[in-house]
Structures are given as C-alpha cells and as structure tokens.
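Peer 1: Here's my sequence, what's the structure:
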Amino acid sequence: MFFGGDPFEHFAGMHGGNGGGGSRRSGVAARDVDTTKLYETLGVDKNASEKEIKTAYRKLAVKHHPDKGGDEHKFKEVSAAYEVLSDKEKRSKYDKYGLEGLGDEGGGGGGPDDLFSMFFGGSRGGRSAGPRKSENINHPLKVSLEDLYNGKTAKIAINRQVIVGESKMCTACDGQGVVVELRQIALGMVQQLQRRCAECGGQGYCATRKKERKILEVHVEKGMQHNQKITFRGMSDEKPNMEAGDINFIIQEKEHDLFKRKGADLLITKTLSLNEALCGFEWMIEHLDGREIAIKSRPGEVIKPEASSSHPFVKIVPNEGMPSHGNPFIKGNLYVLFRVEFPLDGELTKKKVYELKKLLPRPAMDISYDEEKVEVVHLEQADVKNFGKGGAVNHNNDDSDDDEEGPGQVQCQQS
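Peer 2: Here you go, the predicted structure:
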C-alpha cells in the first residue's frame, strides 16, 4: 500500500468443525457451531428481547451471587453470557459464528479460549482461531472547516496489493515464517540461530500478487471532528492466509482564518473601538456555509474590556456553531470574544475630554490642594515584568557573608 499503518491481531475462528486456519468467516458460518449455550445459561429463548435478557440476568445474578451463598462458577457463567447477549454487535456475532466468532471480544474481559473453558470445560485444543488480519492503513485527510460544516465527498485513488490465485504454505519454513540454523562455534559447541524465512518474507505462506488501483469515495459527514476515522473495511493489502486489513482516513482539520472550533462551538475574536463598545456596533461576517450574517449590539448595550480578572468578555450567537455529527440539525453556539481598543496618547483634545466627562458616568472629581505643599507627579509607560528591579544595583549584595562581619557580631582576640 502507498501509505503506512498500525498492525493488530483479529481472531475469527469458529467453534466446531475441522476447518483449517486459512478459512474466512464466510466459510465458518456454514460450520456446525453452538449458538445456543449462552441463551440456555440465562434460561431465555434465542428470540428474547433485551428487556427479557436483562430480567433473566438480574434474577440469576442474585440467586448465584457468591456473597449470598451462590455458586461462584455459575455466577461467572451468567455474567459472561449477559455481557455478550446484552451487546447487539457481540450478540449478532455469536448468533452467526458461536463463541469463536467473538474473537478477542469475549465476555468477562477474556478471549474465546476463556469462554470455551467456562462453558465447555476446556480450551479448543488444536482447533485454529482462524485467520489473522493484516495491517490497518492510516492515511491523514486534510479537510477545511467549511467542508466539515457542509459535508463533502472526496474521491481518492489507492494502490493495493491483491493475491492472484491460491496461497500455498511455504515449504522452506513449513509455514512457520522462520527457519532455524545450527552453526558450530567451537569444538562440541553448536549455536542455534533463528531468522525470518526469505522465501515467504516471514509470513509462512507464498502467493502471487499484483497491484490493483481502486477509487474510494470518502464521505466527510457534517460535524465530523479532528482525528475522527472514516473506515473502509478489508481494503488494505492482501496477505497470504490473512484477512485484509482496513484503510482508515484520519480527519485532519485545517486552521481557519476567522473561526476557531471546539466541539460543536465556534469562536471569533472582535476588536471594538471605545466608541463602538459604549455606543453600539454592527459588523458583517460570512459564515462557513456562505451566508452573510450581520452581528449587531442591542440599544444601550455596553461591551466591557473584560468580564472579570483575567477573563475576557464573551457573548454568544445561539445555534450558529457547527452541526453535531450524527444530528446535523442541532448546532452549537457561535462565541464572540471582545477586545476593546482604547484611544492612543494624544488623540483626545481638551474639548473632547470635557465633553466626555459630561457624558460618561463617574467623572474624575476635582480636588483642592496647596501646590506649594503637595508634590504633583505624572505617570509613564511601564512593564510589570520589571517589578522588583528598580533602584541602584548593589554589587556588595553578591559578597559572601564569610567575607564580612554582620551587624552585632563580636570578634574574639586571643593573646
């Protein structure tokens, strides 16, 4: 495949029958598998509803709970059966393929071997767990915020390896994927080395392959989020004696010039002049779906420089955020973070200052004092980072106390 991925194991073998490890689930479904044991454990019919299964479990759990003198093994059986049958996906797999169809999703946190041991008194022995799954391929897909808002379908071409004909077990390693070599390193001393089989590439099976080009239609749904996956099952490279893995397109949300996103909410920052903050404002934005929206303050509404200490002043436009994924008719909110820009030095004339004093609340009160006795000072620009750095630099502060006598110390002189 033309992009990389992360491998993981997936067990798909089924209970019963004598099929080999290379068969797929479609062939397993036809085997004679037990799909009734879990229902019998709970004492319900195979067509039982979720409510009936839950009711039966509660009764049996109370009856067999170890704390109430019940059988601990029976209690574990009941709990494991309920964990499988209460999950729609696990129940569907069990109904088709039996306990082995659950793979490594078995009840009680264990795999299918644990379930076999619990319900049938032993493991499956030599029976195969079915074919493994080849590596999943993860491919980043960069998507604009507009496309995540409106939805989009992208056609992406992939090149994958497919198997031609049947896979055959490698005769060089007998299907083990590794070969063992003995090397004499001294008289009477032999070293055993194990290396990957060069004939099959460590897969244990050999097959003829060819490249296949596929066009995938990737549907980016409304409201999808950063790092969310769009999965195409079984579209990864085919490997001998393995089920084909999946291709996952990972949404990578691009940064937007105007909007910032968190969940289903959007955020924009708006800088107002002092005039706009006090007397009102309105401005136009183009939303992610192309609509033009005029945002306007209410009559008499005042925008503050900040809501509280270290917190900006924020308001919202309800229901103008992102569509919710899975329910695009419900949208988040559009947050507007305000910043108030005060006039620069020298912009206000004495006349304007006089007029503002009359209009604005709480004007500065004139105070009376004797200018010959009171010192008048004015403010200058400063940086709070320099707090504590004022005054003259005293280099003597760096001297060690051992070099000087501190106040109050007494010297003793011996004759």
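Peer 1: Helices of the chain, residue ranges please.
Peer 2: With DSSP state H as the definition, the chain shows helices at residue ranges 25-28, 37-42, 50-64, 72-85, 88-97, 112-120, 145-150, 274-279, 350-359.
Peer 1: Is it possible to get JSON lines of these that adds mean pLDDT, mean neighbour count and distance to R298?
Peer 2: To be clear about C-beta, it is placed using only N, CA and C from the backbone, and glycine gets the same treatment. As requested, the helices of the chain are arranged in JSON lines below (pLDDT from 0 to 100; neighbours: other Cβ atoms under 10 Å; distance: least, Cβ to Cβ, whole Å):
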{"stretch": "helix 25-28", "mean pLDDT": "39", "mean neighbour count": "16", "distance to R298": "63"}
{"stretch": "helix 37-42", "mean pLDDT": "89", "mean neighbour count": "20", "distance to R298": "62"}
{"stretch": "helix 50-64", "mean pLDDT": "88", "mean neighbour count": "15", "distance to R298": "51"}
{"stretch": "helix 72-85", "mean pLDDT": "86", "mean neighbour count": "19", "distance to R298": "56"}
{"stretch": "helix 88-97", "mean pLDDT": "85", "mean neighbour count": "17", "distance to R298": "50"}
{"stretch": "helix 112-120", "mean pLDDT": "53", "mean neighbour count": "19", "distance to R298": "64"}
{"stretch": "helix 145-150", "mean pLDDT": "96", "mean neighbour count": "19", "distance to R298": "27"}
{"stretch": "helix 274-279", "mean pLDDT": "86", "mean neighbour count": "16", "distance to R298": "12"}
{"stretch": "helix 350-359", "mean pLDDT": "75", "mean neighbour count": "10", "distance to R298": "20"}
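Peer 1: can you redo these as CSV with distance to K239?
Peer 2: Written out in CSV, the entries for the helices of the chain read as follows (distance: least, Cβ to Cβ, whole Å):
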stretch, distance to K239
helix 25-28, 17
helix 37-42, 33
helix 50-64, 39
helix 72-85, 30
helix 88-97, 22
helix 112-120, 23
helix 145-150, 34
helix 274-279, 65
helix 350-359, 78
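Peer 1: Number of residues surrounding the residue lying closest to I330 once chain neighbours are set aside?
Peer 2: Ranked by Cβ to Cβ, 6 or more residues apart in numbering and with sequence neighbours excluded, the top spatial neighbour of I330 is S324, at 4.7 Å. Counted by other Cβ atoms under 10 Å, the residues lying close to S324 total 15.
Peer 1: Check the one 3 residues further on too.
Peer 2: Using other Cβ under 10 Å, the number of residues around N327 comes to 11.
Peer 1: Could you give the bridge partners of it?
Peer 2: As for beta bridges, N327 partners with S324 under DSSP bridges.
Peer 1: my read: V164 touches A207, true?
Peer 2: Yes: under the contact definition of Cβ atoms under 8 Å, V164 touches A207, with a separation of 7.5 Å.
Peer 1: quick one: which of those two has more around it?
Peer 2: When V164 and A207 are compared for neighbours, A207 comes out ahead with 19 against 9, by other Cβ under 10 Å.
Peer 1: The more buried one contacts S167, doesn't it?
Peer 2: Yes: contact status for A207 versus S167: in contact at 4.2 Å, counting by Cβ under 8 Å.
Peer 1: pLDDT of stretch 101-110, averaged?
Peer 2: Here the mean pLDDT over stretch 101-110 is 54, rounded to a whole number.
Peer 1: if we can go back for a sec, test my guess that the residue nearest to I330 contacts M224.
Peer 2: No: in this structure S324 lies outside contact range of M224 using Cβ under 8 Å: 10.5 Å.
Peer 1: low-confidence ranges in the protein?
Peer 2: Low-confidence segments of the chain (pLDDT under 70): 1-33, 103-131, 307-309, 344-348, 361-366, 376-379, 381-384, 393-415.
Peer 1: Contacts only, for the closest residue to T153 other than its chain neighbours.
Peer 2: Leaving aside its chain neighbours, T153 sits nearest to H219 (5.2 Å; criterion: Cβ to Cβ, 6+ apart). For H219, the residues meeting the contact criterion (Cβ atoms under 8 Å, 6 or more residues apart in numbering) are 151-153, 230.
Peer 1: Any quick ChimeraX command for the buried ones out of the residues you listed?
Peer 2: Selecting just the buried residues from the contacts of H219 in ChimeraX takes one command, with 16 or more other Cβ atoms under 10 Å as the test:
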select :152,230
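Peer 1: I'd like the contacts of H219 as TSV, with distance to V179 appended.
Peer 2: Formatted as TSV, the entries for the contacts of H219 read as follows, by distance: Cβ to Cβ, whole Å:
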residue	distance to V179
G151	53
K152	50
T153	48
I230	41
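Peer 1: Closest one of the contacts of H219 to Y97?
Peer 2: Taking Cβ to Cβ as the measure, I230 is the one of the contacts of H219 closest to Y97, at 26.7 Å.
Peer 1: Perfect, I'm done here.
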